[in-house]
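Enquirer: Just need the structure, nothing else, for what follows:
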Amino acid sequence: MTETVLIVGASGIVGSAAAAVMGEAGWRVLGLARNPPAQDGVVPVAADLQDPDSLKQALAPHRPTRVVLSTWMRRPTEAEMIRVNGAMVKNLLDALQPAGSVRHVALVTGLKHYLGPFEAYGKGAVPQTPFREEQGRLPVENFYYAQEDEVFAAAKRDGFSWSVHRPHTIIGKAVGNAMNMGTTLAVYATLCRETGRPFRFPGSAMQWNGLTDMTDARLLARQLLWASTAPQAENQDFNVVNGDVFRWSWMWGRIAAWFGIEPAPFDGNVQPLEQQMAGDAPLWAEIARKHGLAEPDLDRLASPWHTDADLGRPIEVVTDMSKSRRLGFLDYQPTDDAFFDLFGRLRADRLIP
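Expert: Numbers count the residues shown, from 1 in each chain. As a prediction, this is how the structure comes out:
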């Protein structure tokens, strides 16, 4: 029987990678969004996760066997994030219940499971690194926990298996994504090259000197595929990172070299990208016009606030992958190559010159 996967957030960094990997595996791919864009190999399903009636109507013709939840909605406070994002998961799984076709649901969250929400990011008591799944939840409100609880409740009610996937900062291609370090750094490096501005590391001394890791969206997609079909992965939570560790003091020079610029010396001071790139929208529009780029809107490419949140952390963040490796997921992706692959795709698609 051909598997049919419903990907919620199919046009985002994670969802588009999952759609490609699962499509290549021979699965039929449904992509749910309020206004789903045209994607090769993806059947669009137009519905609003906050509107139960629209979900029921849109999903009635379909019988997905697998579900990937890879979207969320940002709100000003964590309490509001919990209310909105928990309800979206519940509405979706309630709408899928009548068909009785779902056999597995994979939920993508992230390392804020261990670090805490944006309001308390990396503050207070943080579990020992490297983060391991057995460390469990922090005693704070977190919308990831609300999403998990809705999946667990529906799985118990409807009899499907589940998996939870916790990537670190994701490297992947998507336009209009709220959390996109790779493209943000590509745009920043381009601005520095075009204007002669110094290519300054924006983050903390801890991030510059300490060890860290990241997650390629394609590797995450392969873990999603594996966990959706491997019996030993049923009803498990998994960290997911590339498998290497690095220091930004090394990676910053690698990125600079790809763009043909010199990295500025790091003086130990945090210089957030939100400040460095403030007012750059007209400049980017001019660069786009000059080079014939496909996206002149800086805000649709760069998310400085999110890159600042990651690179400004005053704590070391590294992640243990032993659990899924013990169970058979052995994929590996060098992080510098993940950046270079992304930059090459951005250039090929005329998103950077």
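Enquirer: quick one: pLDDT of the nearest residue to W226 once chain neighbours are set aside?
Expert: Excluding the flanking residues, the one nearest W226 by CB to CB, 6 or more residues apart in numbering is F329, at 5.0 Å. Quick note: C-beta positions are derived from backbone N, CA and C, even for glycine. At F329, the predicted lDDT confidence score is 98.
Enquirer: for F329, what are its contacts?
Expert: Contacts for F329 (CB atoms under 8 Å, 6 or more residues apart in numbering) come out as 222-223, 226-227, 230, 233, 238.
Enquirer: can you tell me how far it sits from N239?
Expert: Counting by CB to CB, to the nearest Å, the separation of F329 from N239 is 11 Å.
Enquirer: Spit out the contact partners of M81.
Expert: By CB under 8 Å, 6+ apart, M81 lies in contact with 72-75, 117, 143.
Enquirer: cool, and D308?
Expert: 202-203, 272-274.
Enquirer: Buried ones among those?
Expert: 202-203, 272-273 (16 or more other CB atoms under 10 Å).
Enquirer: and G23, that's in a helix?
Expert: Yes. Counting by DSSP: H, G, I helix; E, B strand; the rest coil, G23 is part of a helix.
Enquirer: Using the three-state scheme, assign D149.
Expert: Applying three-state DSSP: D149 is helix.
Enquirer: What about the residue nearest to it when sequence neighbours are not counted, how many residues nearby?
Expert: Spatially, and ignoring its direct neighbours in sequence, D149 is nearest to G86 (7.2 Å; CB to CB, 6+ apart). When neighbours are counted by other CB atoms under 10 Å, G86 registers 18.
Enquirer: Give the buried residues for the helix or strand containing G86.
Expert: Element membership of G86, judged by DSSP states H and E, is helix 78-96. Neighbour-count burial for helix 78-96, counted by 16+ other CB under 10 Å, picks out 78, 81-82, 84-96.
Enquirer: Quick check: of the residues you listed, which lies closest to L298?
Expert: M81 (25.5 Å; CB to CB).
Enquirer: Quick check, pLDDT for the closest one.
Expert: Note on M81: pLDDT of 95.
Enquirer: any idea how far it is from R75?
Expert: For M81, the distance to R75 - CB to CB - is 5 Å.
Enquirer: Give the rounded mean pLDDT of stretch 334-342.
Expert: 98.
Enquirer: okay, V151: pLDDT?
Expert: At V151, pLDDT is 98.
Enquirer: Tell me how many other residues crowd G196.
Expert: 7.
Enquirer: again, but for R157
Expert: R157 has 11 nearby residues by other CB under 10 Å.
Enquirer: now I255
Expert: By other CB under 10 Å, neighbour count at I255 equals 22.
Enquirer: Same question for it, what's its three-state structure.
Expert: Reduced to three states by three-state DSSP, I255 is helix.
Enquirer: same deal with the one 5 residues further on?
Expert: Local secondary structure at G260 is given as coil here, using three-state DSSP.
Enquirer: list the contacts for it?
Expert: Shown in contact with G260 (CB under 8 Å, 6+ apart): R193.
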